[in-house]
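Peer 1: Output the structure for:
(chains A and B)
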Amino acid sequence: KAGVTQTPRYLIKTRGQQVTLSCSPISGHRSVSWYQQTPGQGLQFLFEYFSETQRNKGNFPGRFSGRQFSNSRSEMNVSTLELGDSALYLCASIEGKQNTEAFFGQGTRLTVV
Amino acid sequence: AQSVSQHNHHVILSEAASLELGCNYSYGGTVNLFWYVQYPGQHLQLLLKYFSGDPLVKGIKGFEAEFIKSKFSFNLRKPSVQWSDTAEYFCAVNPLTYKYIFGTGTRLKVLA
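Peer 2: The predicted model follows:
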């Protein structure tokens, strides 16, 4: 079956702009999580959606937001970009049951200049 | 706060050397435990997972990990590394929610 698809793969934006990233989970998976990966920080949890509802949120400012659609596809939005937002943004797809693992997309590399 | 500690940030080994990467977590309840690997330019892939049962779990590519509940540890091991094991390794804990808590990662470089 198809894996987790994230688009775009690469983005370059300037400070102050906003950006929208997209994630299509594995077919049948209802939970989508977003993570920010930076060198030395590992993966920091942003938020998690299940059936169009945000169930968990990490410690990120309100400039980071997301949503999930009825087909489980998810988008995350970052407004008023800062240089420190440069990172690899990863989407994780989870079936939605307990005791299952997360499957990751290849990520979107965001560079803020 | 829940956290995961990976003690080794960078590890350099020669081929055929043995590997052990440490992982400790802070959470008192039941957890699911994972090791993920990220090869250069590739997405995170699951190496192995622990949900319950035998605390010694075997994963892909000859990796194994041991869950020691009393030590809150889930160390990754491989008896003999190969050049192709060069990658970044992440320990992750899932406290039975849909939030995964990751360690900061260990970059492994295997010299041919």
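Peer 1: Report pLDDT for the one residue sitting closest to the centre of chain A.
Peer 2: In chain A, the centroid-proximal residue (CA atoms, centre = their mean) is A:Trp34; its distance is 3.2 Å. Looking at A:Trp34, its pLDDT stands at 97.
Peer 1: Could I get the full set of strands for chain A?
Peer 2: Taking DSSP state E as the criterion, chain A contains strands spanning A:5-7, A:10-13, A:19-24, A:31-38, A:42-50, A:53-57, A:64-68, A:74-78, A:87-94, A:103-104, A:108-112.
Peer 1: Tell me which residues are up against the fourth one.
Peer 2: What that stands for is strand A:31-38. Applying CB atoms under 8 Å, 6 or more residues apart in numbering or on different chains, the contact partners of strand A:31-38 are A:23, A:25, A:43-50, A:56, A:60, A:66, A:68, A:72-74, A:76, A:86-96, A:102, A:107, B:98-100, B:102. C-betas here are computed from N, CA, C, even on glycine.
Peer 1: give the contact list for A:His94.
Peer 2: Quick fix: residue A:94 reads Ile, not His. Per CB under 8 Å, 6+ apart, neighbours of A:Ile94: A:25, A:29-33, A:100-103, B:98.
Peer 1: what residues does chain A put near chain B?
Peer 2: A:3-4, A:31, A:33, A:35, A:40-45, A:48, A:50, A:55-56, A:58, A:90, A:92, A:94, A:98-99, A:101-107 (CB under 8 Å from any CB of the partner chain).
Peer 1: out of those residues, which are buried?
Peer 2: The neighbour-count test (16 or more other CB atoms under 10 Å in any protein chain shown) marks A:4, A:31, A:33, A:35, A:42-45, A:48, A:50, A:58, A:90, A:92, A:94, A:101-107 as buried among the residues of chain A next to chain B.
Peer 1: Mind listing the residues bridging to the nearest residue to A:Leu11 once chain neighbours are set aside?
Peer 2: Spatial nearest neighbour of A:Leu11, excluding adjacent residues (CB to CB, 6 or more residues apart in numbering or on different chains): A:Leu110 at 4.9 Å. In this entry, A:Leu110 is beta-bridged to A:Leu11, A:Ala87, by DSSP bridges.
Peer 1: count of residues packed around A:Gln18?
Peer 2: Residue crowding around A:Gln18 was assessed by other CB atoms under 10 Å in any protein chain shown; the count is 11.
Peer 1: what residues are up against it?
Peer 2: A:77-81.
Peer 1: which residues does the most centrally placed residue in chain B contact?
Peer 2: Computing the C-alpha centroid of chain B and ranking residues by CA atoms, centre = their mean puts B:Trp35 first, at 3.6 Å. By CB under 8 Å, 6+ apart, the residues touching B:Trp35 are B:23, B:46-49, B:59, B:63, B:65, B:74, B:76, B:89-92.
Peer 1: how about the residues of chain B near chain A?
Peer 2: Counting by CB under 8 Å from any CB, chain B comes close to chain A at B:6, B:9, B:32, B:34, B:36, B:42-46, B:49, B:51-52, B:90, B:92, B:94, B:96-105.
Peer 1: how near is B:Phe63 to B:Phe90?
Peer 2: 13 Å (CB to CB, to the nearest Å).
Peer 1: In terms of neighbours, single out the busier of these two.
Peer 2: Higher neighbour count among B:Phe63 and B:Phe90: B:Phe90, with 25 against 21, using other CB under 10 Å.
Peer 1: now that one, what's its secondary structure?
Peer 2: strand (DSSP: H, G, I helix; E, B strand; the rest coil).
Peer 1: For it, give me its contacts.
Peer 2: A:42-43, B:6, B:35-38, B:44, B:102-103, B:105-106.
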